[in-house]
Structures are given as C-alpha cells and as structure tokens.
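Enquirer: Everything below, folded, please.
(one chain, ligands or ions: 1)
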Amino acid sequence: MAKPLRIALTKGRLEKDTIGLLEGLGYDCSAVREKGRRLILPIPDANLEVVLAKANDVITYVEHGVCDLGVVGKDTIIEMQGKFFELVDLGFGRCRFALAAKKDTDFYSGFGVKSIATKYPNVARRFFESKGMDVDIVKIEGSVELAPLLGLADGIVDIVETGVTLRENGLEVVEDVVPISARLIANTVSLKLRQTEIEALIRKIEEALQK
Ligand code: PRP
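Expert: Alright, predicted model coming up:
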C-alpha cells in the first residue's frame, strides 16, 4: 500500500466537523476521536494520517510539503496567504470577518486616523486600503472586543459567528468584510505526485457535500 496521505486538521472549532465529514465518507476515525494527547493519528481504512495543529501551522505544514493536505478556515488563508492550492469549500465553520465598533457610534465620522484592533492585521489592512482609508492597526492576540471597550481602538476587524460576543459587550457590526468557511487545501507538489488519490478524495467529499 502507498504511504498514507498526510492531512493537517485545525484543532478546536473545526475539528469536530472535519471528523464528522471524514466519518460521513465511511472512514473509521476512532483513533482520532480517542486521541488522548497524541498529535498524529491514523485513519487506516482511508490510508490517511491525521495531524492535529493550530490553524496557522496547518498552512505552514502544507506549504512546506510535510503534510499533503490541510483543513483550515478561510480566515487563516486570507490572513496568511502562501503557496498552496485551495481545493474545496467544505461548507462548515461558517462565519464572517466584520468591522465592528461600539454601539451607536458613527465609526466613519470625523477626520482623525482611526485605530483598529485585530488578530488579523493583513485582513484589516487590505480592507481599509480598498477603501483608501489610512488606519493604525494594533495587533491583539484574543478577545479583541476588549480593545474598543478599554479605549485602545475605535473599531475591530474580527470574526463574527453568532454575534453574541459583540452584543454582550455593547458592540455592533459596522460593515461585513468577507464570508468565511473551512477549506481543503493541498501542497502544490503533492497535488501533482499524488493526484489520483487526492482527486478521488475530493470527489468523495464533493459527493458527500451534495447530499
Ligand atoms: C472568536 C472571535 C469572537 C468570537 C465571535 O473568538 O474572535 O471573539 O469568536 O463569535 P460569536 O459571534 O459567535 O460570539 P474565539 O472564541 O475564537 O476566541 P478568541 O477571541 O480568544 O480568539
């Protein structure tokens, strides 16, 4: 048998849905479900080897070719960019990037340069560049909603899923930036060298998504 295709999966929010998708294809993911602290898990009947990693690292591993495939959010793809192929929109992990600010404030009023807090500086920079707007970007690592509440920023560019975090912190969406969902990505060389297997997997996934 050929060596397993190695697929990097984003730990956390996307993990359950990705395993659900693979089980929906008929694969036995019990090793992944019972992983304990192990980070590399086999799915023998699919000839897959699962690597569990943080979103940014999924892209790094796929770009460097140590993983053939990856499942990662479009948010991370847009922020990190990089050299890999984006193959399939997996349909789960749906949310959006949005610009948000304190409720009932007119974000676009006034002439001063606005400050924007975000975990995604590239996304924020490109968004405001597309508007021809000069902004100061402050990189924050998490709970970005704090920044406008503490007076550090006029607005945030962040992921909005249900909108509850914004609402419960007195913030509101000013403008949607771009929709997000989980994507299957591939290393460029793997896609050539293991084309038949990868295409077969894509076909199975696309069939399952249509059901
Ligand atoms: C994300 C995002 C928002 C929240 C949005 O944060 O940064 O804070 O989820 O979800 P909602 O619209 O459903 O409320 P995450 O939970 O990943 O934590 P973090 O802020 O620490 O990164």
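Enquirer: other SSEs contacting the helix or strand that contains Glu49?
Expert: Using DSSP states H and E, Glu49 sits within strand 48-53. On a contact count with 3 or more CB pairs under 8 Å, 6 or more residues apart in numbering; DSSP states H and E, strand 48-53 meets strand 5-10, strand 40-43. All C-beta atoms are positioned from the backbone trio N, CA, C, and that covers glycine.
Enquirer: want to throw those into TSV with mean pLDDT and mean neighbour count?
Expert: Formatted as TSV, the helices and strands packed on strand 48-53 follow (pLDDT from 0 to 100; neighbours: other CB atoms under 10 Å):
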stretch	mean pLDDT	mean neighbour count
strand 5-10	98	23
strand 40-43	96	17
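Enquirer: who wins for proximity to the ligand among those?
Expert: Closest of the helices and strands packed on strand 48-53 to the ligand is strand 5-10, at 11.4 Å (criterion: CB to the nearest ligand atom).
Enquirer: still on that earlier bit, ok, then the element right after the strand holding Glu49?
Expert: helix 55-63.
Enquirer: what lines up beside the strand holding Glu49 in the sheet?
Expert: Sheet pairing of strand 48-53 (DSSP bridges) gives strand 5-10 (parallel), strand 40-43 (antiparallel).
Enquirer: can you list the residues that contact it?
Expert: Contacts of strand 48-53 with the rest of the structure, by CB atoms under 8 Å, 6 or more residues apart in numbering, involve 4-11, 15, 22, 27, 32, 35, 39-43, 61, 67.
Enquirer: so what's Ala8 bridging to?
Expert: Going by DSSP bridges, Ala8 is paired in beta bridges with Val51, Gly70.
Enquirer: contacting residues around the longest helix seen in the chain?
Expert: Assignment by DSSP state H gives helix 195-210 as the longest helix of the chain. Helix 195-210 is touched from outside by 2, 5, 21, 24-25, 46-47, 68-69, 87-88, 90-91, 184, 186, 190-191, with contacts defined as CB under 8 Å, 6+ apart.
Enquirer: What's the separation between the most centrally placed residue in the chain and Ala147?
Expert: Residue closest to the mean C-alpha point of the chain, counted by CA atoms, centre = their mean, is Gly73 at 1.8 Å. Using CB to CB, to the nearest Å, we find Gly73 at a distance of 22 Å from Ala147.
Enquirer: what distance separates stretch 74-81 from the centre of its chain?
Expert: 7 Å (CA atoms, centre = their mean, to the nearest Å).
Enquirer: List the buried residues of that stretch.
Expert: Lys74, Asp75, Thr76, Ile77, Ile78, Glu79, Met80 (16 or more other CB atoms under 10 Å).
Enquirer: Which parts of the chain are helices?
Expert: 15-24, 30-33, 55-63, 74-80, 121-130, 146-149, 164-168, 188-193, 195-210.
Enquirer: Out of those helices, which gets nearest to Thr105?
Expert: helix 146-149 (8.8 Å; CB to CB).
Enquirer: hmm, the closest one touching the ligand?
Expert: No - with CB under 6 Å from any ligand atom as the criterion, the ligand is not reached by helix 146-149; the gap is at least 9.1 Å.
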